[in-house]
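[1] sequence-free structure coming up:
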């Protein structure tokens, strides 16, 4: 998460770390506050002010601008990002005053809606694909409105199937006994709840646990979360072209069923 951002920060323990990469590929949901009329070199509130312009946009203008970004769009990553060029993060070039060419990347804005309007500031919620920079979205919105803008605040409220309502602050966790903390852990398979489901009989489950493929009908390349006949999570498999479900990543038999917690990083700053 960017230093500016607050909100949802999933933590994986034990066997759940085998599936932590799912968090990188998952869709994200944010609540963002945009300051109109001011552009910065980082496109957020932590950067140096580059320009100030008058704000003439009203609620309807902003709402129309938001809708223009709905769906698949091309977005140029910001210079202040961890993307690498010739083995060096872009932010190192930016700090040295060097601007390098960045190719536009295709992203998907699944949903975007206005939450609040405050004259020269507004708040919106966005659900987007991986690789989306909300800082860049705020900057691009400002240019579309003709006054420039930067991201004033950002709160992540969803990652895949995990929602901010499931998160806990560090002070709250520290106040709990160890057993109470364990009770708050999410199930091991939470990160892959969006893929297909395969429930195996006892014999096939035993083979899968030993790393063997089993016969299964389905579409080639489809990933499946695999369980035994007692609904115990075994791991993830992938369907091969020849009708076999091949193990991709399995969990240890003695693993804890709950291994994921969600932190609420900081608290939202008052607007």
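    Now that the structure is in, tell me what you want to look at. In this text the structure is predicted, and so the values were computed from the model without any measurement. Numbers count the residues shown, from 1 in each chain.

[2] thinking residue 134 is in contact with residue 127, fair?
    No. With contacts counted by C-beta atoms under 8 Å, residue 134 stays clear of residue 127, the gap being 11.3 Å. C-beta coordinates here come from the backbone N, C-alpha and C atoms, glycine included.

[3] Would you mind telling me which of these two has more residues around it?
    Ranked by neighbour count (other C-beta atoms under 10 Å), residue 134 and residue 127 place residue 134 first, with 22 against 17.

[4] Tell me the strands beside the biggest strand by length in the chain, with direction?
    Scanning the chain for the strand with the most residues, using DSSP state E, yields strand 105-117. Paired strands of strand 105-117, with direction, are strand 71-75 (antiparallel), strand 121-128 (antiparallel) (DSSP bridges).

[5] what residues does it touch?
    With C-beta atoms under 8 Å, 6 or more residues apart in numbering as the test, strand 105-117 has contacts from 27, 31, 59, 62-63, 66-67, 69-77, 122-129, 131-132, 137, 271.

[6] Buried deepest among the strands paired with strand 105-117, which one?
    strand 121-128 (a mean of 20; mean count of other C-beta atoms under 10 Å).

[7] quick one: contacts for residue 48?
    By C-beta under 8 Å, 6+ apart, the contact list for residue 48 reads 40, 41, 42.

[8] all strands for the stretch 51-200 of the chain, in order.
    Along the stretch 51-200 of the chain, the segments classed as strands by DSSP state E, counting those that start in this stretch run 71-75, 84-85, 88-89, 105-117, 121-128, 149-159, 162-163, 186-187, 196-199.

[9] need the helices for the chain, in chain order.
    21-25, 59-67, 90-95, 134-145, 170-174, 178-183, 202-209 (DSSP state H).

[10] how about the strands of the stretch 51-200 of the chain, which one is nearest residue 221?
    Residue 221 sits nearest to strand 196-199 of all these, at 11.0 Å, using C-beta to C-beta.

[11] what residue of this structure is the furthest out?
    residue 203 (37.4 Å; C-alpha atoms, centre = their mean).

[12] how about JSON lines for the helices of the chain, with distance to residue 245 added?
    What follows is the helices of the chain, written out as JSON lines (distance: least, C-beta to C-beta, whole Å):
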{"stretch": "helix 21-25", "distance to residue 245": "19"}
{"stretch": "helix 59-67", "distance to residue 245": "42"}
{"stretch": "helix 90-95", "distance to residue 245": "41"}
{"stretch": "helix 134-145", "distance to residue 245": "38"}
{"stretch": "helix 170-174", "distance to residue 245": "38"}
{"stretch": "helix 178-183", "distance to residue 245": "32"}
{"stretch": "helix 202-209", "distance to residue 245": "8"}
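
[13] Return the most buried member of those helices.
    helix 134-145 (a mean of 22).

[14] so that helix versus strand 71-75, what angle?
    Inter-element angle recorded for helix 134-145 and strand 71-75: 100 degrees (by axes from the mean of the first three to the mean of the last three C-alpha atoms, to 10 degrees).

[15] Please list the residues outside helix 134-145 that contact it.
    2, 30, 32, 34, 36-37, 39, 42-44, 55, 57, 61-62, 65-66, 68-69, 75-78, 80, 109, 126, 128, 148-151, 154.
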